[in-house]
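1. My questions concern the predicted model and sequence given below.
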Amino acid sequence: MGKLARPLLKEGEEKERVVLYSSQQRWRYHHHRSWRASQIVVGALIALLTLWVCAPWRWWNAATGPTVRPFDAEAPFDPFELFQMLPEPANLKSYLHYYASGPHMAGVNETQAHWTRKQMHNFGLTDVEIVEYEPLLSYPRYQEVAIVSPESHRFQADLHEPVVDEDDTSRLQDNIPPAFHGYAASGNVTARVVYANYGRKEDFEALVRHRVPIEGNIVLVRYGQNFRGIKVALAQSHGAVGVLIYSDPADDGYGVGTPYPEGPFRPAYSVQRGSVQNLAIYPGDPLTPGRPATPGMDRQPREDANNLPKIPSIPLSYQNAQPILQALAHHGIPATEMGKDWRGALNITYTTGPSQAEVRLVNQMNEKITPIWNVVARIEGWEEPNQAVIIGGHRDAWVFGAADPGSGSAVLLELARGLGVLLQSGWRPRRTIYVCSWDGEEYGLTGSTEWVEENLGWLRDEAIAYINVDMAVSGSNFMAGASPSLAALLYDVTRNVSMPYSEGQSVYDHWASAGTTAPGTISMVDRSHSMLLLRNDAQGTKEPPVFPLGTGSDFTAFLDYAGIASMDMGFGGAAGTYHSAYDSIHWMEKFIDPDYLYHQAMTRIIGGLGLKLADDSLLGMDLARYAKDLEGYVVDLEVAMHRKLAHGSSQSRLFQPPSLEPVTDFKPLYRSVGQLQAAAKYVTRGIAEFYTRYGGHCDRGTKKGKAYRRCLRLRTRLNDKMRGFERLFLNMAGLPSRPWYKHMVVAPGRWTGYGAQPLPALHEALEEDDWRQFAMLKHEMTAMIGEAAKFVQQ
């Protein structure tokens, strides 16, 4: 197996603890219970006895192939079925109470990392270590937002979230961070204000068209539609001196549902914190792009980090934003003339400004290079230890983080307990499993990105897939994003997990019956996927949508930098307290998952996915689905190209090649996609042969026979193609405008961030009216897909 690149912290090597906001933190992270090895063994024996009495001992069906392949044909139990019995709501509740009992920003409370490591070790995962990195992080010192003139409009924003009587953790006022943005530049500016709607590229372009002055002013935008770091970057590029980002009730407040504490949605005084690092340029430590932020690593100056803002920004509640919006009223252009979605839900007149009133924005940050701590557990495979499945989720939060990421952290820990029970019962995975608790995700996916950058060599050789568990539970609607090759596996596993509160219905059934409307409350889903939804509807597809992955969570470095097939999923739909002090235990237990049954279902899903990838003889990755989706991406690209030609600017004509044929001729690209589809069918036939001829596994009883050797050769050839397929679409030079991103089939949208952009380099060439670049990239994409077809076919 690939070795980790450097020594890791062992238990007992804890450094001096970093504490923010209070010198007395005794209430944090107490151990609610202890887990003893005897409890694990007793639990395993009870589960085994139940399974022995009740389970049908059939691991392979001649008609359908295997549902789950046990680690040994003579094993007395099926690990997949046993694992499904293990997750306990009481355990999940206990873990979440531990993680969400106090604020725990990145780089703070090293004890939490050591507690996580200790629990995993106690569960029976004996190879568990802490990996430390030293990225640049920023913490708030002083923030101020005020209307300073004219006298009639004077107003001082309070920039804090008050106590909610029934929410115990909201009483920890001395420990709750103020309203701030991670990585926001320090600054003190006073200027007039311009309202720029969501702060999208098209919103700023509309302001420019209407000659609304942006340069020298503070821009006020609302959350939604794109990543906050891109809002700030766009404002900066148009000459703004500062940015205020507020949560409009139309998006996650009373315009959607009942506000907290009477309901689950954002109240008037709630603030969404978050990072303003521009993840669409590159994630991770801003000072070491492409290199791990290890001690002694060369670091670039902050001013050279092109994914960090150079102007200050602060988040606001809509209660604090309303006086500023009122000061804008009747100045500039009415929102109704700017576009149909420019008006929010506040009872005011939305106009662009600039305002006559002046606003002072003060943001003082403490930036420092400081440690963060990943917890990494490794279970070595018994047959193919040099193949690895990685399951991970982050631990850090902006405040309490019951949903984000507490629900995911609880699921990850219960997954570790379940794997420990299997290990105590004599099981080992066929392939190696990693279980990883990341630090630093909220600032810029930092812990996972640094780990991938440090271990890139063996990951590209050996990793099968990455399974992400972040915001595992924030509602009741199951949603998923994944590499297309993993969609069928998601369907398979969710068909075998019961839907909470829906007797007789699986998660898959509920997911499929919810239709193809994409909720807007989870980062993997946004408007950029409308074409995929329309195609599903037009083709009569009954399968639930599995969306392409953009960014916003820890799958990013695995997929976009290392070329590892990835997936992300969760129960979402009511995340109205996202990144606020009210993403709390009380909010979770009153409105979202009082019995922790959604947490239990998520543990079953994550564990089931991991076990199938680690234990099945064949990896079960669907290359035909990938080739089919790729054809859809090409269709979307051709539609976008013709639309651009029909409505392009006069500037675009300056960049057209002498002949438009290299631009408009898509036949070679479609031909290469067709070749890939044909090659994928070759793999599908090989899989069918493996099950019909060899029964789904190679019989070790005939180890020296020709049949066994032929079986092994077929299995190895098929698995190598499936494991390496995603990496066929990497270009080591990266995307032309952002070279950290290596994946040519999918990347986060350049101007959206969260949402995925299929065929990103080509779409960016279209956006920039660069037809020569478009023609060249289309030719390169054609060749890349053709080479992928040859690899799969051989």
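-> Cool, the structure landed.
2. just for the stretch 451-600 of the chain, where's the confidence low?
-> Within the stretch 451-600 of the chain, the segments meeting pLDDT under 70 span 515-541.
3. Show me the strands in it, by range?
-> 463-468, 475-482, 566-573 (DSSP state E, counting those that start in this stretch).
4. Turn the ones you listed into TSV, including distance to L96 and mean neighbour count.
-> Where you see a C-beta, it was placed from the backbone N, CA and C, and this is true even at glycine. Formatted as TSV, these follow (distance: least, CB to CB, whole Å; neighbours: other CB atoms under 10 Å):
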stretch	distance to L96	mean neighbour count
strand 463-468	18	27
strand 475-482	16	23
strand 566-573	14	26
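5. Out of these, which is closest to E503?
-> strand 475-482 (14.9 Å; CB to CB).
6. Who are the packing partners of that closest one?
-> helix 487-495, helix 507-513, strand 566-573 (3 or more CB pairs under 8 Å, 6 or more residues apart in numbering; DSSP states H and E).
7. Generate a markdown table for the ones you listed, with distance to P249 as supplementary columns.
-> What follows is these, written out as a markdown table (distance: least, CB to CB, whole Å):
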| stretch | distance to P249 |
| --- | --- |
| helix 487-495 | 34 |
| helix 507-513 | 29 |
| strand 566-573 | 17 |
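8. quick one, which of the ones you listed is nearest to K721?
-> That would be helix 487-495 among these, by CB to CB, at 15.6 Å.
9. buried stuff in that closest one?
-> For helix 487-495, burial by neighbour count (16 or more other CB atoms under 10 Å) applies to A487, A488, L489, L490, Y491, D492, V493, T494.
10. ditto for stretch 334-351
-> A335, M338, W342, R343, G344, L346, I348, Y350, T351.
11. which stretches of the stretch 251-400 of the chain have low pLDDT?
-> For the stretch 251-400 of the chain, no range has pLDDT under 70.
12. in it, which spans are strands?
-> Applying DSSP E, counting those that start in this stretch to the stretch 251-400 of the chain gives strands spanning 274-275, 313-316, 358-369, 372-379, 384-394.
13. which among the buried residues of helix 487-495 gets closest to E689?
-> A488 (18.2 Å).
14. picking up where we left off before, out of the helices and strands packed on strand 475-482, which gets nearest to A733?
-> Closest to A733 of the helices and strands packed on strand 475-482, according to CB to CB: strand 566-573, at 21.7 Å.
15. Could you list the domains of this structure?
-> Domains of the chain are assigned by automatic domain parsing as 37-135+371-615, 137-368, 623-793.
16. from memory T288 sits against P295, does it?
-> No. With contact defined as CB atoms under 8 Å, T288 does not reach P295; the gap is 11.4 Å.
17. between these two, which one's more packed in?
-> T288 (22 against 10; other CB atoms under 10 Å).
18. so what's the more buried one up against?
-> Residues near T288 by CB atoms under 8 Å, 6 or more residues apart in numbering: P135, M297, D298, R299, Q300, E450, E453.
19. out of the residues you listed, which are inside helices?
-> Per DSSP state H, helices hold the following members of the contacts of T288: E450, E453.
20. P315: which of the contacts of T288 is nearest?
-> Checking the contacts of T288 against P315 with CB to CB, the nearest one is P135 at 21.8 Å.
21. Quick check: closest non-adjacent residue to the closest one.
-> Nearest residue to P135, sequence neighbours excluded (CB to CB, 6 or more residues apart in numbering): D285, at 3.5 Å.
22. ok, now how distant is that neighbour from M297?
-> 9 Å (CB to CB, to the nearest Å).
23. So between those two, which is more surrounded?
-> Set D285 next to M297 and count neighbours by other CB under 10 Å: D285 wins out with 30 against 15.
24. Thought G447 was touching that one, still the case?
-> No. Taking contacts as CB under 8 Å, D285 lies outside contact range of G447: 9.9 Å.
25. list the helices and strands the helix or strand harbouring M602 packs on?
-> Assigned by DSSP states H and E, M602 falls within helix 597-615. Packing partners of helix 597-615 (3+ CB pairs under 8 Å, 6+ apart): helix 79-84, helix 89-99, strand 384-394, helix 408-424, strand 431-438, strand 463-468, helix 487-495, strand 566-573.
26. what's the closest non-adjacent residue to the residue most central in space within the chain?
-> Nearest to the mean C-alpha position of the chain, counting by CA atoms, centre = their mean, stands S553 at 2.7 Å. Distances taken as CB to CB, 6+ apart put D470 closest to S553, at 4.5 Å, once the chain neighbours are dropped.
27. residues near that neighbour, how many?
-> 27.
28. Tell me which strands the longest strand along the chain pairs with, and in which orientation.
-> Determined from DSSP state E, the single longest strand within the chain is strand 136-149. Using DSSP bridges, the strands paired with strand 136-149 in its sheet are strand 155-156 (antiparallel), strand 358-369 (antiparallel).
29. between that strand and strand 372-379, how big is the angle?
-> Interaxial angle of strand 136-149 relative to strand 372-379 (axes from the mean of the first three to the mean of the last three CA atoms, to 10 degrees): 140 degrees.
30. related to what we said a few turns ago, go ahead and confirm the residue nearest to the centre of the chain touches E442.
-> No. Assessed by CB under 8 Å, S553 is found out of contact with E442, at 10.2 Å.
31. what do the two both touch?
-> Common contacts of S553 and E442, defined by CB under 8 Å, 6+ apart, comprise H394.
32. ok so, going back, which residues are in contact with both of D285 and G447?
-> Both D285 and G447 are in contact with Y133, where contact means CB under 8 Å, 6+ apart.
33. Give me the pLDDT for the most far-flung residue of the chain relative to its centre.
-> The centre of the chain is farthest from one residue, G705, which by CA atoms, centre = their mean lies 46.4 Å away. Confidence at G705, expressed as pLDDT, is 83.
34. and if you look at S101?
-> Looking at S101, the pLDDT reads 98.
35. Then P213 would be within a strand, right?
-> No. Looking at P213 with DSSP: H, G, I helix; E, B strand; the rest coil, it is coil, so not inside a strand.
36. residues touching the nearest residue to it once chain neighbours are set aside, list them.
-> Nearest in space to P213, with sequence neighbours left out and distances taken as CB to CB, 6+ apart, is P354 at 6.1 Å. Neighbour list for P354: R192, V193, V194, V212, P213, N217, L328, H331, G332 [criterion: CB under 8 Å, 6+ apart].
37. how near is P354 to H153?
-> P354 is 14 Å from H153, by CB to CB.
38. Just the residues contacting stretch 710-729, thanks.
-> 387, 460, 463-464, 483, 485, 559, 562-565, 617-621, 623, 626, 683, 686-687, 689-690, 693-694, 698-699, 743-745, 784, 787-788, 791-792.
39. Just the ones of those residues in helices?
-> Counting by DSSP H, these contribute 460, 623, 626, 683, 686-687, 689-690, 693-694, 784, 787-788, 791-792 to helices.
40. so which of those is the most crowded?
-> Using other CB under 10 Å as the neighbour test, the ones in helices among the contacts of stretch 710-729 are led by A788, with 27 neighbours.
41. Now for it: which residues touch it?
-> By CB under 8 Å, 6+ apart, the neighbours of A788 are L676, A679, F725, L728, F729.
42. now for the residues you listed, which pair is the farthest apart?
-> Largest pairwise distance in the contacts of A788, by CB to CB, is 14.1 Å, between A679 and F729.
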